[in-house]
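1. Fold the following for me, if possible:
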Amino acid sequence: MAYFDKRAEKDLKKLIKCLTGFQEGSDNFTLSHEFALSNFRFHRYLAVDSHKVTRQLHGVCEKFAIHSQPHKHEVFKRLTDKFLNSPLLIDQDLMKSDAHYGILSILMLLSESPVSHHYKEQVSKPKTEEKDNFDWTSYLLEGIEIPSFLSSDEEWSNDEAASEPEDEVQDSGIHVNESDDTLVTTTLEHSEHVEQHAGKDWISNNVVVQYWHGDVEKHVFGGHPTSSLAKQWDLYLYEKQPFHQFGSKFTMTETQVVRETIWLLFGMSDMFVYKYTDNKCTCNADIQVSHLTPNALYSLLYYFARYGQMVYHLHQFIEEIITHSGNIDYKVSQTFQAFASSLSCFLQQFKSELCIIEKDIMKQDKNVSLSELKERIQPQLEVVATLYDIYNIGVNNSNGNSAVLLTAFYNTLLELQSNTVENTDRLKVCTVLSIWLTSTQPFINIIDEWISNGKLVDPAKEFIISRNEEIQTNSNEYWEKGYTIYGVSAQQSKLQQQQFTKDTPSESVGIPGFLEPILYSVISAGKSMDLVASLGRLTEKKLNLSEGDRISLFESFTKSLYGVWDIDESEDIDESSDSDDVVIDISQQQLTEVNLLLQHDAKLQSKQYTLSSKKSFSSGLPHELMDVFTDRPLDIQLVMHRCLYPHIIKKCNRASSHLVKLLKTEYHLLDYLAAMRYFYLMEAGDAMYDFYTDVFERLRLQEYWQDVTYLTNALQEAVHMHHSKHMSRLTVSVEPVSKTKRLPINALDVLTLHYKVPWPVNVVLNPECQQIYNAVFRLLLQIKRAKYCLEQLRFSDLTNVVSPSPKNCESENQHLVHRIYLIRVQLLHFVDCLHNYIMTRILHTTGWEFQQQLDTAVDLNQLLDVHTHYVKTIYERCLLNKKMGYVREAIIKVLNLALNFQKRWDGGLHTITEPILDKMEEEFKKCHYFLSKLFANTVKRGVFPHLELLAQSLQTSYMNATAHTKK
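-> The predicted structure follows:
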């Protein structure tokens with residue numbers, strides 16, 4: 001503000017005096033002065049609204065037109081357009097800037113009734129500068145004699161010849177003892193002639209020949225035998241080829257060609273030696289160098305033209321990024337911006353090397369040939385070629401996908417890391433690594449923001465993961481469909497269908513190679529933090545962080561890079577990251593490389609690299625890291641495993657475990673999982689028994705039972721006694737199913753049990769899982785119904801309905817009743833074996849295993865995997881999958897046979913005849929034999945070990961039934 005106070009203090013005081021009339025020194029003047037200074041210094045004014053000013057200008061023009069003042073309308077519109085399209089300052093080209101609209105806004109505010117005032121346009125006459133007739137040349141050169149150069153070499157040479165005798169006379173006069181005045185006069189005259197010769201020679205030697213306009217330097221050919229090699233070669237071609245045009249090429253010096261080559265590598269496009277046609281650099285075919293053959297010359301020129309074209313395209317890419325970055329409507333990828341910035345730094349360093357060479361040429365201390373130029377900058381040119389290949393793959397052929405650029409960098413580093421013996425290769429590796437580290441910063445920052453705050457900030461849509469805005473956070477589909485990968489079709493939008501697992505190949509979905517090992521953890525942690533933020537628990541998580549954990553991910557990464565070679569050989573990777581639970585999968589080959597590298601590090605402990613606390617973590621840091629990796633072997637995968645992955649995994653584990661802890665403690669996830677086992681898997685036997693026995697009894701008596709209100713009330717009343725907190729969440733619905741080939745045992749297939757799961761627990765207990773739970777629930781209902789029907793059969797009911805019969809039929813009835821008793825016992829034993837297998841060996845044992853795995857889950861993905869595995873396991877072990885369809889069909893036949901047997905039992909002894917009984921026994925034996933043999937063979941093969949108990953029970957039951965039949 002010191003600049004403002006000095007320049008504007010006087011004007012401000014004049015303004016106060018003019019507006020208020022207060023005199024300087026009065027109290028009112030002092031208050032006004034302080035108020036004005038405060039506003040100038042601290043008040044922040046809103047920027048002018050260009051659209052509003054434009055509407056005001058159109059309004060004034062329209063007002064002129066309405067009041068029949070077309071002249072004012074035309075002049076006003078012309079002058080305002082001219083003002084907006086003219087720069088305010090001479091050294092600027094900005095048009096229609098905020099300053100333009102600000103001036104017009106002030107003028108509009110100061111105007112008063114422009115319609116009522118008469119306006120006459122003032123024609124501005126161009127000012128003619130008066131000619132200064134004073135002869136400044138004669139005035140300034142008064143008393144100074146200027147030597148005049150002759151117009152031709154002949155006149156100059158004649159003058160030299162004429163002056164020789166005079167010089168001799170003057171020299172002889174010097175040796176004769178003449179007076180001092182004569183000696184001084186003679187010396188001055190001699191110096192004038194020397195200056196004349198020196199001026200002519202200096203001009204001819206120092207003025208650059210305009211070879212681009214066709215001027216030829218006279219002394220092109222030297223005295224060396226090879227200096228006329230091009231001319232001799234041209235003469236040789238003229239003698240061999242009659243149609244060859246002798247002397248048709250323009251002769252240049254090698255210095256001129258070298259300088260134009262340096263300009264080419266600067267990124268220039270308009271030159272004499274090199275031309276650009278359709279963005280391709282070509283060489284001028286009409287030039288020659290005196291001491292080089294055309295083949296030798298053009299082999300060098302085309303070599304430089306190839307690299308010059310690369311530099312030119314890289315410069316075009318940088319300019320394009322800079323141009324688009326200033327456009328608000330065009331969102332430029334931050335990765336491309338970082339790449340362009342690092343690329344610009346490298347090219348600037350390359351230009352500095354070229355400037356040193358050009359200064360050597362300008363000093364003329366030594367000659368720089370094309371071959372020497374090639375040798376001096378060949379390492380830099382190889383780096384340019386490598387960077388251009390990366391640019392060509394990652395930018396030109398990527399359709400704006402930043403992941404392709406990072407993948408190209410990573411693959412290039414993997415190819416180069418094994419060829420770091422030579423200095424050129426090491427320079428290439430260090431430069432590529434430097435630019436790659438800067439280019440990865442936007443991706444790392446996006447990951448850091450996502451796993452730290454739950455926000456996927458990606459304005460340019462460059463990250464490989466995108467948020468599906470159609471899926472809300474409180475939706476039960478959020479975890480599967482909330483985030484998608486770019487380039488994946490809509491049919492594969494679910495994260496599980498996109499194979500977001502540790503075994504996912506990065507090439508299949510365009511994932512950068514360096515993110516592949518930790519992508520699974522990043523996605524899980526990002527979604528977890530998004531859920532935590534939606535739950536409003538993000539603040540309390542941040543309060544529990546230490547100062548070290550608040551450092552950004554990229555800052556931690558760069559700090560670790562400086563200490564990557566200073567880690568002691570005995571120090572563990574996990575201990576260096578201060579995280580006990582960080583686990584990184586490294587292959588055996590990588591472990592071998594780690595051991596070899598640590599052995600190499602032990603020899604290099606004398607040179608330490610430390611990081612100052614004041615070190616800036618900006619784009620300049622990777623260039624400092626070039627010194628760290630110079631003269632040392634590089635393994636980029638090892639660098640990632642030691643410097644980046646531990647920090648990411650640590651943050652991911654913290655975010656994921658925080659969400660799991662919230663779900664288990666404050667949102668009672670374990671209670672809801674237990675409720676699913678209580679009611680769907682009928683572990684709450686006392687409550688569920690009251691429910692299903694009432695339904696079974698109605699089915700037995702053939703009463704109407706498919707009333708939804710009745711079923712829901714019956715279930716809630718049964719649950720109310722022991723599980724009252726779950727009562728309001730349970731409902732029952734009746735869904736119609738196909739009636740084709742329906743058996744009596746399938747009557748309960750229309751029942752569907754619903755349990756209302758609140759958010760965010762519904763992420764785990766989603767509708768898909770509840771469908772599997774319902775399938776197991778219906779199977780249990782079928783088994784329990786068959787068991788209930790067989791257990792409710794009473795011998796007294798069968799004997800009471802027996803009608804009096806003659807004595808000869810009494811023995812036959814007793815035999816029939818005995819067979820009925822045996823069939824009942826066999827059916828009941830089969831159903832009991834099946835029931836015990838399902839309830840104990842499957843549900844109870846699998847549930848215990850599930851509980852153990854649930855306690856070890858550290859993130860929501862693991863928790864979902866454990867629960868999904870548990871649900872699928874009970875589904876398969878209950879023989880509900882398609883592969884076991886024929887087994888389930890045999891079991892259903894036995895269960896349906898039990899219902900038919902119960903129906904005939906209730907009908908009385910007269911409804912059961914010998915043929916009917918024979919048919920039942922035959923069908924039961926077939927199913928029994930099939931199942932016992934199948935389960936026994938399966939257990940022998942060791943495919944399903946959990947079937948061993950059921951197989952033994954059925955095998956024993958079948959053997960007993962067969963033995964009794966033989967008796």
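2. where does the stretch 151-300 of the chain dip in pLDDT?
-> Low-confidence segments of the stretch 151-300 of the chain (pLDDT under 70): 151-209, 213-239, 241-249.
3. now swap in the stretch 351-500 of the chain and tell me
-> 418-424, 486-500.
4. in the stretch 851-967 of the chain, which segments are predicted with low confidence?
-> 942-946, 949, 951, 955, 957-967.
5. repeat that with 90
-> 851-864, 873-967 (pLDDT under 90).
6. where exactly do the strands run in it?
-> Read by DSSP state E, counting those that start in this stretch, the stretch 851-967 of the chain holds no strands at all.
7. helix, strand or coil for residue 281?
-> Assigned state for residue 281: strand (three-state reduction, DSSP: H, G, I helix; E, B strand; the rest coil).
8. Show me the helices in the stretch 651-800 of the chain, by range?
-> Secondary structure of the stretch 651-800 of the chain (DSSP state H, counting those that start in this stretch): helices at 669-679, 685-700, 708-720, 767-791, 795-800.
9. And the pLDDT for the nearest residue to residue 459 once chain neighbours are set aside?
-> Of all residues not flanking residue 459 in the chain, residue 331 sits nearest, at 5.6 Å (Cβ to Cβ, 6 or more residues apart in numbering). Using the backbone N, CA and C atoms, a C-beta is placed for each residue, glycine as well. Predicted confidence (pLDDT) at residue 331: the value is 79.
10. contacting residues around residue 331?
-> Shown in contact with residue 331 (Cβ atoms under 8 Å, 6 or more residues apart in numbering): 459, 460, 461.
11. Distance check, the first one against residue 330.
-> Think residue 459. According to Cβ to Cβ, to the nearest Å, residue 459 and residue 330 sit 11 Å apart.
12. before we move on, what about residue 119?
-> 43 Å.
13. Among those two, which residue is more densely surrounded?
-> With neighbours defined as other Cβ atoms under 10 Å, residue 119 and residue 330 compare such that residue 119 has more, 13 against 10.
14. Wait, a helix at that one?
-> No: counting by three-state DSSP, residue 119 is not part of a helix but coil.
15. Excluding covalently adjacent residues, which one is nearest to it?
-> According to Cβ to Cβ, 6+ apart, the nearest residue to residue 119 is residue 72 (5.7 Å).
16. Who are the contact partners of that neighbour?
-> 64, 114, 115, 119.
17. Am I right that the last one is in contact with residue 75?
-> Yes: contact criterion Cβ atoms under 8 Å: residue 119 and residue 75 qualify, at 7.4 Å.
18. you'd agree the residue nearest to residue 459 is in a strand?
-> No: counting by three-state DSSP, residue 331 is not found in a strand; it is coil.
19. Now do the residue nearest the centre of the chain against residue 533, distance only.
-> With distances taken as Cα atoms, centre = their mean, residue 463 lies nearest the centre of the chain, 2.5 Å away. From residue 463 across to residue 533, the span is 18 Å (Cβ to Cβ).
20. Same check on residue 18?
-> For residue 18, the distance to residue 533 equals 58 Å [Cβ to Cβ].
21. How about residue 750?
-> Taken as Cβ to Cβ, the span from residue 750 to residue 533 is 42 Å.
22. Comparing these two, which shows the higher neighbour count?
-> Ranked by neighbour count (other Cβ under 10 Å), residue 750 and residue 533 place residue 533 first, with 16 against 13.
23. these two touch, right, the more buried one and residue 453?
-> Yes: taking contacts as Cβ under 8 Å, residue 533 lies within contact range of residue 453: 6.8 Å.
24. Confirm that the residue nearest to residue 119 sits in a strand.
-> No: counting by three-state DSSP, one finds residue 72 to be helix, located in no strand.
25. For it, give me the pLDDT.
-> Residue 72 is assigned a predicted lDDT (pLDDT) of 86.
26. picking up where we left off before, so which of the helices of the stretch 651-800 of the chain gets nearest residue 729?
-> For the helices of the stretch 651-800 of the chain, distance to residue 729 was read as Cβ to Cβ. The smallest value, 7.7 Å, belongs to helix 669-679.
27. Please work out the average pLDDT along that closest one.
-> 90.
28. Next, the buried residues of it.
-> By neighbour count on 16 or more other Cβ atoms under 10 Å, the buried set for helix 669-679 is 669, 672, 673, 674, 675, 676, 677, 678, 679.
29. what comes up buried for the helix ranked longest in the chain?
-> Using DSSP state H, we find that the single longest helix of the chain is helix 294-325. For helix 294-325, burial by neighbour count (16+ other Cβ under 10 Å) applies to 294, 296-298, 300-301, 304-305, 307-315, 317-318, 321.
30. Over to stretch 745-760?
-> Result for stretch 745-760 [16+ other Cβ under 10 Å]: buried residues 745, 746, 747, 748, 749, 751, 753, 755, 757, 759, 760.
31. Tell me which of these fall in strands.
-> Counting by DSSP state E, the part of those found in strands is 751, 753, 755.
32. Pick out whichever of the contacts of residue 331 sits closest to residue 253.
-> Using Cβ to Cβ, residue 460 comes nearest to residue 253 of those, at 49.9 Å.
33. Could you check how far the closest one is from residue 277?
-> Residue 460 sits 34 Å away from residue 277, taking Cβ to Cβ as the criterion.
34. Quick one: distance of the longest helix of the chain to the chain centre.
-> Distance of helix 294-325 from its chain centroid, counting by Cα atoms, centre = their mean, to the nearest Å, is 30 Å.
35. How about stretch 927-946?
-> Between the centre of stretch 927-946 and the centre of its chain there are 52 Å (Cα atoms, centre = their mean).
36. Excluding chain neighbours, what is closest to residue 381?
-> residue 307 (4.8 Å).
37. which residues touch the one you found?
-> Taking Cβ under 8 Å, 6+ apart as the test, what residue 307 contacts is 265, 381, 384, 385.
38. Pretty sure the third one sits against residue 313.
-> Yep, that's residue 384 we're talking about. No: contact criterion Cβ under 8 Å: residue 384 and residue 313 do not qualify, at 10.5 Å.
39. all strands for the chain, in order.
-> Using DSSP E, strands in the chain cover 250-252, 274-277, 280-283, 287-289, 465-467, 483-485, 730-734, 751-755.
40. Give me whichever of those strands is most buried.
-> strand 287-289 (a mean of 23; mean count of other Cβ atoms under 10 Å).
41. Phi first, then psi, for the residue nearest to residue 459.
-> Main-chain torsions, residue 331, degrees, to the nearest 10: phi -90, psi 110.
42. Residue 416 and residue 427 touch, don't they?
-> No: between residue 416 and residue 427 there is no contact under Cβ under 8 Å: 10.5 Å.
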